[in-house]
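Peer 1: here are the coordinates; sequence isn't available:
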């Protein structure tokens, strides 16, 4: 069976082609399989500690805030697919939530235009980084000041009011499957189709993996990077909208945590910093692991001060295991 | 003719001249705006706060000089934790001054060793090792901050806000430190090795440079710089707070890169760190004088940094 994640970054030798493919398959199964197992274990523990969670409403409450987190992680994944890192995605999401709670409520057309401009700004950032060969980490960090500034201009203090349609969309109760679960599955599926199964997805990931090969095949690297950044901007807008809908208001300063957690989610979910190796399904799993370790700690009465520590430790553990495994091979 | 060409060449080889020129320009605008009153005061305050950017910037610069992918993202977290613990130990009394300073520097040392362990022993890429370490340091600071009355010793307060000839003590001190760093980078084996690793790690390795040792040293130095900055910042602002590191990560990288150090490593511009720090803080002062909202302030700083990089930074072909 062909595994969808046969990554472009890994050279496939002519000799022992099947052996290499099956090795790849094994590596990629581990890449997403291990985090998925870890997630299942976390779910089991939560169910044992708090059996009440195992219901329609329990799931809704447990996973509501998984929606913005997963979408933020998807945005980060697009940037990491380009072998870049986005240190501004959290403040960008905060900006979107502020637009949603102000412009989108009072002047829907202007608000929609502002959101389109946000996506355009991301495309522009990608183009700028590519054309001028700038370090993405510094530009996105600088851009985080721009997003924060704009968000503070719109909403100097947390508040505003999210549009009624947005709030009612996020409190919608579909039959059988709770909304957050539906969104989780949908995000993983759309991401998988877009990046792993489509022709465009191969080109986009190839840009992070082997840029020279993509260029020689006649593709524009500028367009590829612009496309990945645009996709990130789009996922960021979705994340900001869900966040505003859940909180029914906007806040310019909630961004910081989302940046760090989105990076951790992508890596825990099997992504690599170089080589265009990412996994949308894994990223969704990673985001859920990051969210649920928080819930798990609070159900054990661990102070929320230590959540960051645990999340950092998970990231370190995953990376260290992966590095040691690589050394053994 | 020849003279002009050599002058132009001299200028082109020293991009940091432009940062100082820009800083001077911004200062003149501020002076015009306040119609000459308090022009010296603006400069003193700018020197005071630019010093904090410089302390972080010098540490970050050494890390960045060791090549692409080397950035210390844990600096603002280390700064905050060092400030908290040292203020906690000092407890507002001069008797515990040195114990407090020692604790703060100890935090920096421990954080640096922690980062190095993650990078070398666990083989985690430096950017992510320092990011994850930052998480942990942050939550230590959060846990410690509950129930801690963080007060600096009066002597520390006097030192970090005092001035000689209108120039703050700490500015004098870190002008000297910057000069020392410049000499170290250009003339000592350690400095040359740092630059050699940044230019070509493989070549440096083959030439016998002990890469792990040098890289460990720069990450420990950057964590120490962050902790010293934290102690002095807490001293100057009368205590520690959880969000005191906010914005300092961008500034630590911005002063390095705007000052003319290559983000790809292998080359440094130490005077540029001071020039860029002054420029950035003078822009902040200008915005304060114009009494704009904090939103405009963030927006302007972000745009200035991106614009200067987009126009002035010559990316390396990779």
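Peer 2: Yep, it's here. Predicted model only: the values in this text are computed from it and were never measured.

Peer 1: quick one: the helices in the stretch 151-300 of chain A?
Peer 2: A:164-170, A:179-191, A:199-209, A:211-216, A:221-247, A:255-268, A:280-299 (DSSP state H, counting those that start in this stretch).

Peer 1: Report the buried residues of the first one.
Peer 2: In this case it means helix A:164-170. Residues A:166, A:167, A:170 are the ones in helix A:164-170 that count as buried (16 or more other C-beta atoms under 10 Å in any protein chain shown). Where C-beta positions appear, they are placed from N, C-alpha and C, glycine not excepted.

Peer 1: Please work out which residue of the stretch 151-300 of chain B is closest to chain A.
Peer 2: Of all residues in the stretch 151-300 of chain B, the one sitting closest to chain A is residue B:299 (2.9 Å; C-beta to the nearest C-beta).

Peer 1: and that residue, how many neighbours does it have?
Peer 2: 22 (other C-beta atoms under 10 Å in any protein chain shown).

Peer 1: wait, residue B:33 sits on residue B:288?
Peer 2: No. Residue B:33 is beyond contact range of residue B:288, at 10.3 Å (criterion: C-beta atoms under 8 Å).

Peer 1: The residue of the stretch 151-300 of chain B closest to chain A touches residue A:151, doesn't it?
Peer 2: No. With contacts defined as C-beta under 8 Å, residue B:299 does not count as touching residue A:151, sitting 9.7 Å away.

Peer 1: what's the overlap in contacts for those two?
Peer 2: Between them, residue B:299 and residue A:151 share no contacting residue under C-beta atoms under 8 Å, 6 or more residues apart in numbering or on different chains.

Peer 1: Can you pull out the low-pLDDT segments for chain B?
Peer 2: Residues of chain B meeting the criterion pLDDT under 70: B:1-13, B:15, B:36, B:147-149, B:313-318.

Peer 1: nearest spatial neighbour of residue B:308, skipping sequence neighbours?
Peer 2: Counting by C-beta to C-beta, 6 or more residues apart in numbering or on different chains, the nearest residue to residue B:308 once its immediate chain neighbours are dropped is residue B:258, at 5.6 Å.

Peer 1: Retrieve the pLDDT associated with the residue positioned nearest the centre of chain A.
Peer 2: For chain A, the residue sitting closest to the mean C-alpha position, by C-alpha atoms, centre = their mean, is residue A:73 at 1.2 Å. Looking at residue A:73, its pLDDT is 95.

Peer 1: Could you tell me which residues make contact with the residue in the stretch 1-150 of chain B that chain A sits nearest to?
Peer 2: Across the stretch 1-150 of chain B, the shortest distance to chain A (C-beta to the nearest C-beta) belongs to residue B:135, at 2.9 Å. Residue B:135 is in contact with A:260, A:308, A:309, A:311, A:312, A:315, B:77, counting by C-beta under 8 Å, 6+ apart.

Peer 1: how does it look with 10 Å?
Peer 2: A:257, A:260-261, A:264, A:307-316, B:74, B:77 (C-beta atoms under 10 Å, 6 or more residues apart in numbering or on different chains).

Peer 1: which one of the buried residues of helix A:164-170 sits closest to chain B?
Peer 2: Nearest to chain B among these, with distances taken as C-beta to the nearest C-beta, is residue A:166, at 23.4 Å.

Peer 1: For residue B:216, which non-adjacent residue is closest in space?
Peer 2: Here the residue nearest residue B:216, using C-beta to C-beta, 6+ apart, is residue B:116, at 4.4 Å.

Peer 1: pretty sure the one you found contacts residue B:219?
Peer 2: Yes. Taking contacts as C-beta atoms under 10 Å, residue B:116 lies within contact range of residue B:219: 5.2 Å.

Peer 1: more crowded one of these two?
Peer 2: The neighbour comparison of residue B:116 against residue B:219 (other C-beta under 10 Å) goes to residue B:219, with 29 against 20.

Peer 1: What's the end-to-end length of stretch B:24-42?
Peer 2: 12 Å (C-alpha to C-alpha, to the nearest Å).

Peer 1: can you list contacts of it?
Peer 2: Outside stretch B:24-42, the residues touching it (C-beta under 10 Å, 6+ apart) are B:43-46, B:166, B:275, B:278-290, B:304.

Peer 1: let's go with 8 Å and repeat that
Peer 2: Against stretch B:24-42 from outside (C-beta under 8 Å, 6+ apart): B:43, B:46, B:166, B:279, B:282, B:283, B:285, B:286, B:289, B:290.

Peer 1: ok, and for it, which residues are buried?
Peer 2: In stretch B:24-42, counting by 16+ other C-beta under 10 Å, buried: B:26, B:27, B:29, B:30, B:31, B:42.

Peer 1: just stretch A:208-218 next, same as before
Peer 2: Neighbour-count burial for stretch A:208-218, counted by 16+ other C-beta under 10 Å, picks out A:208, A:209, A:210, A:211, A:214.

Peer 1: circling back to that earlier point, the residue of the stretch 1-150 of chain B closest to chain A - nearest residue in space that isn't next to it in sequence?
Peer 2: Using C-beta to C-beta, 6+ apart, the nearest residue to residue B:135 is residue A:312, at 2.9 Å.

Peer 1: How many residues are close by the one you found?
Peer 2: Residue A:312 has 22 nearby residues by other C-beta under 10 Å.

Peer 1: now the host helix or strand of it and helix A:280-299, what's the angle there?
Peer 2: Assigned by DSSP states H and E, residue A:312 falls within helix A:307-328. Per axes from the mean of the first three to the mean of the last three C-alpha atoms, to 10 degrees, the angle that helix A:307-328 makes with helix A:280-299 is 140 degrees.

Peer 1: Can you report how many residues lie near residue B:51?
Peer 2: Neighbour count of residue B:51, defined by other C-beta under 10 Å: 30.

Peer 1: circling back to that earlier point, please convert the buried members of the contacts of residue B:135 into ChimeraX selection syntax.
Peer 2: Buried members of those, defined by 16+ other C-beta under 10 Å, are picked up in ChimeraX with:
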select /A:260,261,264,307,308,309,310,311,312,313,314,315,316 /B:74,77
